[in-house]
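Novice: based on what follows, work out the 3D shape:
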Amino acid sequence: MSPLEILSQIPDPEIPVINIVELGIVRNIKITGENACEVIITPTYSACPALFAIETDIARIMKNNNWEAKVITQISPVWTTDWITDEAREKLRLYGIAPPENKAHEHLIGIPKKCPRCGSMHTRQISRFGATLCKAAYQCLDCLEPFDYLKCH
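Specialist: Here you go, the predicted model:
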């Protein structure tokens, strides 16, 4: 199995329905020798509380697949929601998290987001912060379900 295939098996610690490759955390893999590589990652936030868990998961799964891996954290350029794959955006929606939208409108607080459950745009922001810093809490005013929105950045 290739390093990328191996790393695709690691779920994001905070959103387990998508993996760290789909989320865009894995920036690059450099093969440095026979069964040896450097895995370059960029956290979603510079102070991401899941970063240690991600680094540990990478080292463990690579070792379990007979790869020696050095994990390098690179914070520039900063991670952006643009790096999330289309497949991951759909997985987020199916999981009940509204995927990030247009960055140009992100600064407009309280703009309705599409409900991932019923598709309604009749929604309201409950809080600028959800379960994690990268999410905001919303509620659909049609189906009345609460949902998280993964904020653009």
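
Novice: could I get the pLDDT score of Leu133?
Specialist: Confidence at Leu133, expressed as pLDDT, is 77.

Novice: in which helix or strand would I find it?
Specialist: Assigned by DSSP states H and E, Leu133 falls within no helix or strand.

Novice: who are the contact partners of it?
Specialist: Residues in contact with Leu133 (C-beta atoms under 8 Å, 6 or more residues apart in numbering) are Tyr45. C-beta coordinates here come from the backbone N, C-alpha and C atoms, glycine included.

Novice: and Ala59, backbone torsions?
Specialist: Per-residue torsions, Ala59: phi -60, psi -40 (degrees, to the nearest 10).

Novice: distance of it relative to Thr80?
Specialist: Separation of Ala59 from Thr80 (C-beta to C-beta, to the nearest Å) stands at 25 Å.

Novice: and the one helix or strand Tyr138 maps to, which strands flank it?
Specialist: If you go by DSSP H and E, Tyr138 is part of strand 135-140. Strand pairing for strand 135-140, determined by DSSP bridges: strand 123-127 (antiparallel), strand 146-150 (antiparallel).

Novice: pLDDT weak spots in the chain?
Specialist: The chain contains residues with pLDDT under 70 at 102-110.

Novice: okay, now the domains of this structure?
Specialist: Domain ranges of the chain: 3-79, 86-150, per automatic domain parsing.

Novice: identify each buried residue in the strand holding Tyr138, please.
Specialist: Lys135, Ala136, Ala137, Tyr138, Cys140 (16 or more other C-beta atoms under 10 Å).

Novice: of all the strands paired with strand 135-140, which lies closest to Ile97?
Specialist: Ile97 sits nearest to strand 146-150 of all the strands paired with strand 135-140, at 4.8 Å, using C-beta to C-beta.
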